[in-house]
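Chemist: Below are the sequence and a predicted model; questions follow.
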Amino acid sequence: MEIGVVGKPNVGKSTFFSAATLVDVDIANYPFTTIDANVGVTYAIADHPCKELNCTPNPQNYEYRDGKALIPVKMIDVAGLVPGAHEGRGLGNKFLDDLRMASALIHVVDATGKTDAEGQPTDYHDPVEDIEFLGKEIDYWIYGILSKGWDKFAKRIKLQKMKLETAIAEHLSGIGVTENDVWEAMHRLGLSDDPTKWSEEDLLSFASEIRKINKPMIIAANKADAASDEQIERLKKEGEKRGYIVVPTSAAAELTLRKAAKAGFIDYIPGSSDFKILKPMSGKQERALKMIKEKVLDRFGSTGVQEVINRAVFELLQLIPVYPVQDENKLTDQFGNVLPHVFLMKKGSTPRDLAFKVHTDLGKGFLYAINARTKRRIGEDYELQFNDIIKIVAVTR
Ligand SMILES: Nc1nc2c(ncn2[C@@H]2O[C@H](COP(=O)(O)OP(=O)(O)OP(=O)(O)O)[C@@H](O)[C@H]2O)c(=O)[nH]1
């Protein structure tokens, strides 16, 4: 599961990515394989169960700070987006590969309107156009994959009586589309079960619906520090009208704060409305931080960067943190570590899904589970909840 950061040049995409992935811990500890230059680790931040249970955790695959769990998530900097991208203009396969990998997208736009469609400085460009353009680019890209040889494909499905959802999902498996996604999109649009009856228009609407399901997108209204309240309000309204969450961000402010925190000048938890000065700094640095406090934190409540990441993970991707334990009374693993691991599970997952996520053997030998909060045994069809603590009982071989 990876989050892609997209946007045309000059909107602050690199600044957003740098800020989000500037984490002051040793990422070598995390079980992520090869990290490309444009792939980094960021955190989704949630309240930790110890906040309410009054415990002290020994985290192994996440970080703990001030009652919060900082849960690592991979982020990709998807570079190279310009209008006409789906026609192969100004982008390589790298762009599409990155896009394929991303489960959700953060679209960074310049809320001040001072960057034109190509990323050049201008007096005014409507950022709402950027929002529309990116959605359409991706729609046409998916449509391009689908429409190639569609007539033949549709006839074959009909002739061989193949299941339509399966056939299309296979066709789109390269971008991670599932049978469920296909079913959902067809259902929403009321499309016929007979693919030979689909018109060009149907195909394009279907591509668009698949995009909304498979590549959900949140808008970072960036450079909010330099945008007017009217500009932000309008962007929010227009974005929401089109089905997007819009969060004002100042990537530049977040980068400055994280750098200052990393260098030990301040204590700052991403997403907060304030920071604490820890040691003296130069007058220039101090003025810069004071300005961030006044112009960004006090105005918006935070820089918005962490809010975008959290909402991408918890709202768009519908993931919930769940903590497996071996001892439901002490909330520990076999070594006595308190709440050592957290897993991000899809909403609607069951304890058996969690068992498989922890280890294939645990999944295969799954017998039942216990909710550590209630100490009660929970059924097979129990839906895991945000911050659940679960003991899995399995047969061991
Ligand atoms: N005022 C303000 N300026 C910002 C913010 N974020 C980025 N910038 C500035 O916007 C300019 C472009 O930022 P980049 O991060 O290089 O933009 P990009 O979208 O990655 O551009 P490319 O690297 O060309 O693709 C730089 O001068 C940044 O300092 C912000 O939150 N507020």
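Modeler: Nice, thanks for sending it over. Residues are numbered from 1 along each chain as shown.

Chemist: mind checking how far the closest residue in space to Lys51 that isn't next to it in sequence is from the ligand?
Modeler: Take Lys51 and drop its neighbours on the chain: the residue closest to it by Cβ to Cβ, 6 or more residues apart in numbering is Gly67, 3.7 Å away. All C-beta spots, glycine's among them, are computed from the backbone N, C-alpha and C. Counting by Cβ to the nearest ligand atom, to the nearest Å, the separation of Gly67 from the ligand is 28 Å.

Chemist: quick one, what contacts Gly67?
Modeler: 47-48, 50-51 (Cβ atoms under 8 Å, 6 or more residues apart in numbering).

Chemist: so which of these is the most crowded?
Modeler: Each of the contacts of Gly67 was scored for neighbours by other Cβ atoms under 10 Å, and His48 scores highest at 26 neighbours.

Chemist: What part of this structure, helix or strand, is modelled with the least confidence?
Modeler: Least confident helix or strand of the chain, by mean pLDDT, DSSP states H and E, is helix 93-101 with a mean of 76.

Chemist: quick one: buried residues of it?
Modeler: Within helix 93-101, the residues that count as buried by 16 or more other Cβ atoms under 10 Å are 95-96, 98-99, 101.

Chemist: do the same with stretch 316-326
Modeler: Buried residues in stretch 316-326 (16+ other Cβ under 10 Å): 316-317, 319-326.

Chemist: again with stretch 350-359
Modeler: For stretch 350-359, a neighbour-count test (16+ other Cβ under 10 Å) marks 350-358 as buried.

Chemist: Among those, which one lies nearest to the ligand?
Modeler: Checking those against the ligand by Cβ to the nearest ligand atom gives Lys357 as the nearest, at 34.2 Å.

Chemist: where does this structure come near the ligand, residue by residue?
Modeler: Residues of the chain found near the ligand (Cβ under 6 Å from any ligand atom) are 7, 9-15, 222-223, 225-226, 250-252.

Chemist: circling back to that earlier point, between the buried residues of helix 93-101, which is nearest the ligand?
Modeler: Phe95 (12.0 Å).

Chemist: My read is that that closest one contacts Asp77, right?
Modeler: No: counting by Cβ atoms under 8 Å, Phe95 stays clear of Asp77, with 10.8 Å between them.

Chemist: Give me the spatial nearest neighbour of Ile145, chain neighbours excluded.
Modeler: Distance criterion Cβ to Cβ, 6+ apart; nearest residue to Ile145, sequence neighbours excluded, is Leu172 at 6.5 Å.

Chemist: how far away is the one you found from the ligand?
Modeler: Distance, Leu172 to the ligand, by Cβ to the nearest ligand atom: 28 Å.

Chemist: Arg287 too?
Modeler: Taking Cβ to the nearest ligand atom, one finds Arg287 at 16 Å from the ligand.

Chemist: How many neighbouring residues does that residue have?
Modeler: Using other Cβ under 10 Å, Arg287 has 11 neighbouring residues.

Chemist: Tell me the one among the buried residues of stretch 316-326 nearest to Leu297.
Modeler: Leu316 (24.8 Å; Cβ to Cβ).

Chemist: now the closest one, nearest residue through space, not along the chain?
Modeler: Pro216 (4.1 Å).

Chemist: Just to check, the one you found is in contact with Ala104?
Modeler: Yes: here Pro216 lies in contact with Ala104, judged by Cβ under 8 Å, at a distance of 5.1 Å.
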